[in-house]
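**Q** Sequence and predicted structure are below.
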Amino acid sequence: MRAAPSISVEIGENPPDDVDWDLLVDRSDAPLFYRSDVLRAYWRFPLRTTLAMHFMRVYDRATGRLRAVLPTFLLPPDDPLGVCPAMLPGFRAADGPLLLSHMWHWYDTCLPAYRLDAEVLNAVRRGLRGLAERTGAQAYGFMNMPEGGALAGLLADSGTAVRRIDARYLLDVRGLRSADDYLARLRPRPRQEMRRHIRLMEAGGYRLTAGPPEPEDMAAAARLCQVTSAKHGNPGWYDPERLTKFGTELRRHVNLVTIRRNSEIVAASISLVDGQRFHNWAAGTQRPGELGFSPYQVMLHATVRAAIDNGCALLEGGRRNDAWKERLGLTRQVLLGCLVRAGQEK
């Protein structure tokens, strides 16, 4: 006779609003994208079309103690980053939506747990498999897992195909007392270039600000982010109205760096802060070639300063734009993903 499973899985449709969820997220060192207030904000103001959100909890049957949590997103199969064929050979958008954890804007997927082991992962996979069948998803799985991380390792050990799909960039700011210390780390040419762009900004009469955003400043930054993403071929990446409301709702987590000409914001960088990590998450600018300096270099310098001032250990630099980030001292972290066709696992 098969023994009864020692853990149970519950899946709800309402975002978490309890201490137990957040305590587990904090103890597992998961990023703020898993915290209940961030998930509630996204549930209210999804940055991209989201068909449904579900929230999974894994419990120990004997004690009733929470062991793991996981948000999941049922998303249209539009593949905005072009990574689905790598995770799912033969991928076709016509085959239906995808059930993913996390969603496209987050780049550091994990499975928050007090102790992540094969038993917990198997329970989560059973939950995902059943949820995919109920929601009509063509596939389910994880994306943007750090190479060498516990979740990717357990999936690979179980025989699941885990593939390289992308990379994110990190800057270790521990031990830095100022942004000048960061500049001192750079090679001479990048260091001189960043200083030159800061001088050009100052000489041009522009003003740099940093701190929690006011709603009107968040709206201006959101519009610039949408314009910039459209210039890079991804016009639907940000919805300005939703991004404004999302950032305003999470104001206590947000650090907004702006470059202003008089009262007009001409460039902005939106960062999210979770104590240990400073997520340099989104940025946009007006006509950078017309400003006479690189707004992105100026804003990165200001963001490093803000990360140090906030006592963070890491600055998260996001994905893509590889050569630029590596030249400015950020370290590449390979990201892995896996998708399993619904009905394939038993």
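**A** Yep, it's here.
**Q** Please tell me how far Arg65 sits from Asp26.
**A** Distance, Arg65 to Asp26, by C-beta to C-beta, to the nearest Å: 16 Å. Every C-beta, even on glycine, is put in place using the N, C-alpha and C of the backbone.
**Q** er, Glu241 actually
**A** Distance from Glu241 to Asp26, by C-beta to C-beta: 31 Å.
**Q** again, but for Leu291
**A** Look at Leu291 and Asp26: by C-beta to C-beta, they are 40 Å apart.
**Q** Repeat that for Thr135.
**A** From Thr135 to Asp26 the distance is 29 Å (C-beta to C-beta).
**Q** since we're on the residue lying closest to Trp104 once chain neighbours are set aside, how many residues are nearby?
**A** Computed as C-beta to C-beta, 6 or more residues apart in numbering, the closest residue to Trp104 that is not its neighbour in sequence is Pro80, at 5.6 Å. Neighbour count for Pro80, taken as other C-beta atoms under 10 Å: 16.
**Q** And Gln192, by the same measure?
**A** 12.
**Q** Let me see the contact set for it.
**A** Residues counted as contacts of Gln192 (C-beta atoms under 8 Å, 6 or more residues apart in numbering): none.
**Q** just how off-centre is the helix or strand containing it within its chain?
**A** Using DSSP states H and E, Gln192 maps to helix 188-203. For helix 188-203, the separation from the chain centroid amounts to 29 Å (computed by C-alpha atoms, centre = their mean, to the nearest Å).
**Q** Which positions within the helix or strand that it is followed by qualify as buried?
**A** Where DSSP H and E defines the elements, the next helix or strand beyond helix 188-203 is strand 207-211. Counting neighbours by 16 or more other C-beta atoms under 10 Å, one finds that the buried residues in strand 207-211 are Leu208, Ala210.
**Q** and strand 207-211, what other elements does it pack with?
**A** Strand 207-211 is packed against strand 254-261, helix 295-309, with contacts defined by 3 or more C-beta pairs under 8 Å, 6 or more residues apart in numbering; DSSP states H and E.
**Q** now these as JSON lines including distance to Glu316 and mean pLDDT?
**A** Formatted as JSON lines, the helices and strands packed on strand 207-211 follow (distance: least, C-beta to C-beta, whole Å; pLDDT from 0 to 100):
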{"stretch": "strand 254-261", "distance to Glu316": "12", "mean pLDDT": "96"}
{"stretch": "helix 295-309", "distance to Glu316": "9", "mean pLDDT": "96"}
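**Q** how about TSV for the ones you listed, with mean neighbour count and distance to Glu193 added?
**A** As requested, the helices and strands packed on strand 207-211 are exported to TSV (neighbours: other C-beta atoms under 10 Å; distance: least, C-beta to C-beta, whole Å):
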stretch	mean neighbour count	distance to Glu193
strand 254-261	22	17
helix 295-309	22	7
